[in-house]
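**Student:** Build me a model from this:
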Amino acid sequence: MILGHVTNTFMLHSVGSHFLKDKLPPLPPVLAGALAPDILDKAIMVTGLIESYPGRGLFHSLVTLTVLAVPAIRAFPARAKLVGAVYLGALVHLAQDTPDLSVILWPLAGPWEPYPYMSLVEKLVNLYIGMNPLQAWLGEMAGAIYCAGYFVTRILKWRAKKKNDVSLVEVE
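**Tutor:** Here you go, the predicted model:
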């Protein structure tokens, strides 16, 4: 559920920035990292690039993400903060998905379960309908409600400031 990863990551970053001030990395690379595991794994699953590939496979593994991030940080020290932000976003993604330990610790915990062959439509229906509603929708709704409230308050503050700026100009 891509929208849930975007809204929940935004919510966590927004709330965290109140407490950690300037210590959090910028939001765009964190959001990119939060989307990366699903984009990469679902692309492999849907295209059938790897036979019987699950929707949560290689890029939902903490081991794989760490094996990719650590050498990238060492190879490109000037980009370490950027790579770290993407890695942080991917970790937030894993926390939101809460996959089984066999997925998070793949390949250390053994192979993933083979995914049966299905057409693209069957895969999408199974992905979105076969989920536990509490797990899938409540978390997403919390993030969506927070984001809606956040943006509404920002717009109202902006409009109030704009109105005050106009009234100051009229007084002069």
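**Student:** So W112 sits against G55, correct?
**Tutor:** No - applying Cβ atoms under 8 Å, one finds W112 not in contact with G55, separated by 10.1 Å. C-beta here means a position set from N, CA and C on the backbone, and glycine is covered the same way.
**Student:** could you point out which element follows the least confident helix or strand in the chain by mean pLDDT?
**Tutor:** Least confident element among the helices and strands of the chain, by mean pLDDT, DSSP states H and E: helix 133 (a mean of 60). Next along the chain after helix 133, taking DSSP states H and E as the criterion, comes helix 139-171.
**Student:** Determine the set of other helices and strands touching that following helix.
**Tutor:** With contacts taken as 3 or more Cβ pairs under 8 Å, 6 or more residues apart in numbering; DSSP states H and E, helix 139-171 sits against helix 2-20.
**Student:** which other helices and strands contact the helix it packs on?
**Tutor:** By 3+ Cβ pairs under 8 Å, 6+ apart, helix 2-20 packs against helix 27-47, helix 80-97, helix 139-171.
**Student:** Just send those back as JSON lines, with distance to T7, mean neighbour count and mean pLDDT too.
**Tutor:** Converted to JSON lines, these look like this (distance: least, Cβ to Cβ, whole Å; neighbours: other Cβ atoms under 10 Å; pLDDT from 0 to 100):
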{"stretch": "helix 27-47", "distance to T7": "10", "mean neighbour count": "18", "mean pLDDT": "89"}
{"stretch": "helix 80-97", "distance to T7": "10", "mean neighbour count": "20", "mean pLDDT": "92"}
{"stretch": "helix 139-171", "distance to T7": "3", "mean neighbour count": "12", "mean pLDDT": "78"}
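**Student:** Looking at those, which is nearest to V15?
**Tutor:** Set against V15 and scored by Cβ to Cβ, the helices and strands packed on helix 2-20 come closest in helix 139-171, at 8.3 Å.
**Student:** what's the angle between the closest one and helix 80-97?
**Tutor:** 130 degrees (axes from the mean of the first three to the mean of the last three Cα atoms, to 10 degrees).
**Student:** what's the angle from helix 139-171 to helix 2-20?
**Tutor:** Using the same axes, to 10 degrees, helix 139-171 lies at 60 degrees relative to helix 2-20.
**Student:** Quick test: name the residue nearest the centre of this protein.
**Tutor:** A34 (2.4 Å; Cα atoms, centre = their mean).
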